[in-house]
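Visitor: need coordinates for the below:
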Amino acid sequence: MNGDGDDGATEQVAQESAGDFRGLLDKLSARHNFDFREYKEGSLARRIRSRMTQVHIDSFAAYSQFLDANPNEHVSLFNTILINVTGFFRDPDAWTALSEAVIPRLVEDVSESRTLRIWSAGCSSGEEPYSIAMLLAEHLGEAANSYTVKIYGTDIDDEALAAARHALYRTEQLKDVPDRLVDRYFSRDGQLYRFRRDIRRWCIFGSHNLTQAPPLSHIDLLVCRNVLIYFTSELQERIMTRFHYSIREDGYLFLGRSESLLARSRLFTPVHLKWRIFQRTPAASRQVGAVLPEAMPSVQPTGSARAEVPAPAARVQRALEALPAAVLVIDMSDTILSWNPAAETMFDIPVASALARKFRDLDVSYRVEGLRASIEDVKGRHAASRMEDVTFTRRNGDMVHADVTIAPLFEGYRLIGVLVYAVEATEHARLKEQMARIAEQHATAIEELHSTNEELETTNEELQSTNEELETTNEELQSTNEELETTVEELQAANSELAALNGELEGRSAELRRIDAYHMSLLNSMEPSIFVTDRALVVTSWNQASERMWRLRAEQAVGRDLAALPVSDMVRALRPALDTVLSRETEVDVPNVPYTLPGGEVRHAMVKIVPLRDAAGHVIGVIGAATPSESRAASAR
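Guide: Just a heads-up that it's a prediction; the model follows:
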């Protein structure tokens with residue numbers, strides 16, 4: 001999490017109930033496992049209020065209830081609080097100083113091991129780790145492949161870490177990267193730029209909370225720029241102590257320009273003060289017994305553990321506070337003289353009331369089984385004692401495993417007290433329980449790894465071959481695309497031709513409809529009843545005179561077998577004549593042909609049948625012309 005400086009304003013907190021504000025922070029810590037209680041209150045309250053304004057809430061108490069009613073609201077709140085302000089080579093002069101003053105020394109220091117471990121704490125979306133990677137790659141040149149480089153980028157913002165892992169950046173994000181480095185370490189990926197894959201493998205991104213999680217270790221260079229400014233001075237000191245533990249002897253620390261107060265830390269020596277580049281100072285002397293007698297007389301029997309003490313005692317106290325392990329100092333009368341914050345946490349020592357009390361009066365003396373007996377044994381034997389894998393329960397119910405060392409403290413040859421030194425081993429105990437299962441799986445895992453490695457090598461070769469095939473396929477696809485474009489043009493031309501043909505067909509269809517209408521008008525204009533069939537005697541035409549004579553509409557007759565019509569008696573009488581016309585291709589007159597009307601009335605007609613010929617003269621059907629006999633008789637009279 002990188003950002004700009006805080007103005008230290010706290011007026012906004014004063015406008016709300018301090019209890020509501022602290023209660024909100026306690027809820028975020030308990031329910032969402034993120035402790036903001038040691039952030040600077042002015043900056044923190046301002047950002048929480050910004051989110052409250054977005055959801056139209058005026059008080060911290062109401063917003064706390066809003067968090068209960070909206071389970072996903074804390075994500076939006078954290079995104080508002082954890083402002084990610086970062087960039088490649090932010091403060092270019094500072095990075096130039098790092099490149100000139102630190103990078104060459106780092107490479108020289110690891111010339112034998114050829115292993116570099118770098119930690120970018122609060123890396124946000126990855127610009128700082130990749131900036132470090134570019135500086136290293138520039139310095140190492142062709143020798144980069146012979147070095148094992150691990151650049152750990154950590155942050156508490158999962159979305160920012162996801163962006164860092166993708167290593168894709170917009171053009172405006174690369175504005176501070178020199179053009180030569182852009183050309184060398186980035187490749188175009190659509191509208192974005194992707195960081196070079198071989199150097200990208202150096203960078204490892206993961207979630208890490210500086211205020212709560214254990215620090216990484218054996219770090220050659222630690223970069224933490226403009227992150228600590230959000231924390232209180234007490235938390236800053238504790239984190240600086242962790243950084244001191246994390247960085248190897250003579251390793252380097254690179255801070256932001258806004259962290260001016262941290263530049264005076266006793267744990268680091270300035271290399272370039274203006275640009276906040278420091279080198280780790282050697283660890284303080286651990287011969288506490290040599291200094292402790294001078295400090296002991298100055299400890300008051302009452303008062304706070306943070307009371308004013310002379311300089312030697314203050315140095316001892318600072319040394320104790322810097323230790324990650326729990327330390328208790330007890331004199332010969334069983335009175336507690338001093339302890340460090342780690343002891344407060346491990347043993348649940350009451351901060352305000354433990355000093356100058358008897359050790360046997362504290363519940364830790366009996367919660368840790370055998371501890372008092374071991375202390376008395378050390379007093380009697382004047383020799384150190386060690387208790388391994390001691391277990392006890394904290395007040396909150398957590399089970400703790402610890403390794404406890406009890407050492408005598410001397411002033412000259414006189415025993416003046418004991419020092420209880422405890423290192424928490426809870427995680428070690430948990431890991432030990434898993435060792436048996438892991439050991440069983442180890443051999444199998446190694447075999448699987450060997451097999452997987454061979455498969456990966458084969459897969460890599462296949463992927464390279466596939467990549468070449470894909471490049472060839474891409475060229476083929478480009479060629480095919482050009483062919484498709486040509487085909488599209490041809491189809492467009494064909495479509496134009498089809499449109500013209502369609503117009504012609506519509507004209508011909510209109511002409512055919514006109515001819516058909518003309519044909520029907522001719523048939524309907526004739527006085528005789530005209531019917532036309534094909535050679536199978538299927539009716540193809542039926543004029544209006546036929547409709548009136550046989551009381552049968554054209555749509556009922558056309559397309560049907562003549563023999564299937566309700567004039568079957570007429571068809572039976574005409575059958576010989578029809579066969580004669582079709583076979584001999586001559587016309588036939590059939591007089592007095594009977595036919596029955598739908599009402600049952602029988603009438604007679606004179607029917608003339610002639611062959612229907614096509615253009616070549618072939619008979620393709622017959623034409624029948626029928627005249628009612630009564631009409632003919634009337635005409636004769």
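
Visitor: tell me the centre residue of the protein?
Guide: Ala162 (6.2 Å; C-alpha atoms, centre = their mean).

Visitor: name the element that residue belongs to?
Guide: helix 158-166 (DSSP states H and E).

Visitor: quick one: contacts for the residue nearest to the centre of the chain?
Guide: Neighbour list for Ala162: empty [criterion: C-beta atoms under 8 Å, 6 or more residues apart in numbering]. No exception for glycine: its C-beta is placed from N, CA and C like everyone else's.

Visitor: that older thread, now do the helix or strand following the helix holding Ala162: everything it contacts.
Guide: Using DSSP H and E, the helix or strand that follows helix 158-166 in sequence is strand 168-169. The contact list for strand 168-169, computed with C-beta under 8 Å, 6+ apart, reads Glu127, Phe186, Asp189, Leu192, Tyr193, Arg194, Phe195.

Visitor: any chance of these in CSV, plus distance to His272, pLDDT and secondary structure?
Guide: Formatted as CSV, the contacts of strand 168-169 follow (distance: C-beta to C-beta, whole Å; pLDDT from 0 to 100; DSSP: H, G, I helix; E, B strand; the rest coil):
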residue, distance to His272, pLDDT, secondary structure
Glu127, 21, 92, helix
Phe186, 28, 95, strand
Asp189, 36, 90, strand
Leu192, 34, 93, strand
Tyr193, 30, 94, strand
Arg194, 33, 94, strand
Phe195, 27, 95, strand
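
Visitor: can you flag the buried ones in the residues you listed?
Guide: Glu127, Phe186, Leu192, Tyr193, Arg194, Phe195 (16 or more other C-beta atoms under 10 Å).

Visitor: okay, now the nearest residue to the third one once chain neighbours are set aside: neighbour count?
Guide: When the adjacent residues along the chain are set aside, Leu192 lies closest to Leu168, with 4.5 Å between them (C-beta to C-beta, 6 or more residues apart in numbering). Taking other C-beta atoms under 10 Å as the neighbour definition, Leu168 ends up with a count of 18.

Visitor: also Ile609?
Guide: Neighbour count of Ile609, defined by other C-beta under 10 Å: 22.

Visitor: what's the mean pLDDT across the helix or strand encompassing Thr96?
Guide: Per DSSP H and E, Thr96 falls inside helix 92-101. Helix 92-101 carries an average pLDDT of 93.

Visitor: and it, what does it pack against?
Guide: Packing contacts for helix 92-101, counted by 3 or more C-beta pairs under 8 Å, 6 or more residues apart in numbering; DSSP states H and E, involve helix 127-140, strand 268-272, strand 277-280.

Visitor: CA-only coordinates of the shortest one in CSV, if you can.
Guide: It stands for strand 277-280. C-alpha atoms of strand 277-280 as CSV (Å, rounded to 0.1, in the frame of the first residue of the first chain):
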residue,chain,number,x,y,z
ILE,A,277,18.4,4.8,1.6
PHE,A,278,19.8,3.1,4.7
GLN,A,279,22.0,0.2,5.7
ARG,A,280,21.2,-2.1,8.5
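
Visitor: let me know the average pLDDT across it.
Guide: For strand 277-280, mean pLDDT rounds to 91.

Visitor: repeat that for stretch 619-636.
Guide: What stretch 619-636 shows for mean pLDDT is 74.

Visitor: ok, of the helices and strands packed on helix 92-101, where does mean pLDDT dip lowest?
Guide: strand 268-272 (a mean of 88).

Visitor: what sits up against that strand?
Guide: Applying C-beta under 8 Å, 6+ apart, the set of residues contacting strand 268-272 is 97, 101-102, 240, 244, 252-253, 263, 277-281.

Visitor: what of stretch 601-611?
Guide: Residues from elsewhere that reach stretch 601-611, judged by C-beta under 8 Å, 6+ apart: 528-529, 549, 570, 574, 577-578, 581-582, 585-597, 619, 621-630, 632.

Visitor: now, which of those lie within helices?
Guide: Among these, the residues falling in helices (DSSP state H) are Met549, Met570, Leu574, Ala577, Leu578, Val581, Leu582, Ser629, Glu630, Arg632.

Visitor: tell me who's in contact with the first one.
Guide: When the contact criterion is C-beta under 8 Å, 6+ apart, the partners of Met549 are Ser529, Ala605, Ala626, Pro628.

Visitor: for the second one, same thing?
Guide: When the contact criterion is C-beta under 8 Å, 6+ apart, the partners of Met570 are Val593, Pro594, Tyr595, Ala605, Val607.

Visitor: can you tell me which two in those are farthest apart?
Guide: Pro594 and Val607 (10.7 Å; C-beta to C-beta).

Visitor: enumerate every residue touching Trp95.
Guide: Going by C-beta under 8 Å, 6+ apart, the list of residues near Trp95 reads Phe89, Ser131, Leu135.

Visitor: if we go to 6 Å?
Guide: Trp95 makes contacts with Phe89, as judged by C-beta atoms under 6 Å, 6 or more residues apart in numbering.

Visitor: which residues in the stretch 201-350 of the chain form helices?
Guide: 233-246, 288-295, 311-322, 341-347 (DSSP state H, counting those that start in this stretch).

Visitor: lowest-confidence stretch among those?
Guide: Among the helices of the stretch 201-350 of the chain, helix 288-295 scores lowest, at a mean of 35.

Visitor: which one of the contacts of strand 268-272 is nearest Gln464?
Guide: Val102 (37.6 Å).

Visitor: look up how far Asp109 lies from that closest one.
Guide: Val102 sits 10 Å away from Asp109 when distances are taken as C-beta to C-beta, to the nearest Å.

Visitor: which of those two has more neighbours?
Guide: Val102 (22 against 15).

Visitor: the more buried one against Gly251, yeah?
Guide: No: under the criterion of C-beta atoms under 6 Å, Val102 is not in contact with Gly251, lying 9.8 Å apart.

Visitor: same for the host helix or strand of Glu555, what does it pack against?
Guide: If you go by DSSP H and E, Glu555 is part of helix 554-557. When contacts are defined as 3 or more C-beta pairs under 6 Å, 6 or more residues apart in numbering; DSSP states H and E, helix 554-557 sits against strand 539-542.

Visitor: re the thing from before, look up the pLDDT of the residue nearest to the centre of the chain for me, please.
Guide: Ala162 carries a pLDDT score of 90 in this model.

Visitor: ditto for the one 3 residues further on
Guide: Among the per-residue scores, Arg165 holds a pLDDT of 92.

Visitor: ramachandran angles for the nearest residue to Arg184 once chain neighbours are set aside?
Guide: Closest residue to Arg184 apart from its sequence neighbours, by C-beta to C-beta, 6+ apart: Arg196 at 7.6 Å. Dihedral angles of Arg196 (phi, psi; degrees, to the nearest 10) stand at phi -60, psi 130.
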